[in-house]
Each structure stands twice: as C-alpha cells, then as structure tokens.
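[1] Structure for the following, please:
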Amino acid sequence: SDTSEIKEEIYRKDNRLLTLLKEVYVESRDPAVRVKDGGGENLPCKQEEKRLTKLGHFGDLDVKKVSKGKISIVEALMLLNNHKLHPQIWTAEKIAAEYSLELKDVNSLLEFFIPFAVQEFPKETRKAI
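    Okay, here's the model as predicted:
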C-alpha cells in the first residue's frame, strides 16, 4: 500500500505549480566567441592520412591501417626480409616509395635492423658440430 501511495504522489498533478511554470520565460544566448592569443592551441588537429597495410601471411595478427610515414611490425619484417633476399630489387628507394616512408628512415632501418635466419641441423650432423 505504501508503494501505491508513493506512485499516486508522483503522478499527481500540482495545478498551482503548473500555473507558475506557465509564467516562466527563459531566454538563452551563446556567449560571444573570444579569440585567445595562445597561438591556436584549441584548433582541431590535422586529420592523419592513413594507408592500408600490405598484409603478409600473418594478416590476422597485423593491423589493417597505419599512418603514412609509419609501418606495422609485419610490414617491417617483410621489407627487411625482401631486402635481405633481393637487395638489388628491394632498394631503399623502392621500399620508401612502396611503403610511403622517408628515404632517410628506410636507410636507417636497413642499416641497423638485420633479420636473422634460423637454421636447423639434421640430427646426424649435430654430434659433429
């Protein structure tokens, strides 16, 4: 019974309050926009240009889009391996054009990151080693 009384109180119209609300008038205006001398710190950011990645056989593990001038891990491994296997074809210039990278960044990448190959020896030759 308490809940029904509460519900009645909630849904009961207060005619005096309704009459007072009809007399209320609200006027709203936006404040004048002021330009700060802060050098544009509140300006919207420039939209980053994205490109689709070149997916290898690890496609499900890799990201699908990256910002121009950047590469994903899978792409980095692929381009390093391609350069290692065919350096005359996969030159720094071709890699930079193919992956939208700066030439200086590609040269640094090729100089400081060298992929290694894992070789497994047959069981017969393990004792000889």
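[2] Going by C-alpha atoms from here, please, whenever you check contacts or count neighbours.
    Will do.
[3] distance between the ends of stretch 88-108?
    For stretch 88-108, the first-to-last residue distance is 17 Å (C-alpha to C-alpha, to the nearest Å).
[4] which parts of it are buried?
    90, 91, 92, 95, 96, 99, 101, 102, 106 (16 or more other C-alpha atoms under 10 Å).
[5] Show the model's pLDDT score for the last one.
    Right, residue 106. Model confidence at residue 106, given as pLDDT, is 92.
[6] Please apply the same query to the fifth one.
    The predicted local confidence for residue 96 comes out at a pLDDT of 92.
[7] ok, so what distance separates the nearest residue to it once chain neighbours are set aside from residue 111?
    Of all residues not flanking residue 96 in the chain, residue 103 sits nearest, at 5.5 Å (C-alpha to C-alpha, 6 or more residues apart in numbering). Per C-alpha to C-alpha, residue 103 is found 12 Å from residue 111.
[8] ranges for the helices of this structure?
    2-11, 15-22, 73-85, 92-99, 103-112, 123-126 (DSSP state H).
[9] mean pLDDT for these: which is lowest?
    Ranked on mean pLDDT, the bottom entry among the helices of the chain is helix 123-126, at a mean of 68.
[10] Residue 90 and residue 80 touch, don't they?
    No - between residue 90 and residue 80 there is no contact under C-alpha atoms under 8 Å: 9.1 Å.
[11] Pipe the helices of the chain into CSV and attach distance to residue 65 per row.
    Shown next, in CSV, are the helices of the chain (distance: least, C-alpha to C-alpha, whole Å):
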stretch, distance to residue 65
helix 2-11, 54
helix 15-22, 55
helix 73-85, 11
helix 92-99, 12
helix 103-112, 19
helix 123-126, 44
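[12] Between the ones you listed, which one is closest to residue 33.
    helix 15-22 (32.0 Å; C-alpha to C-alpha).
[13] distance of the spatially most central residue of the chain from residue 100?
    Central residue of the chain (C-alpha atoms, centre = their mean): residue 66, 7.0 Å from the mean position. Note on residue 66: its distance to residue 100, by C-alpha to C-alpha, is 11 Å.
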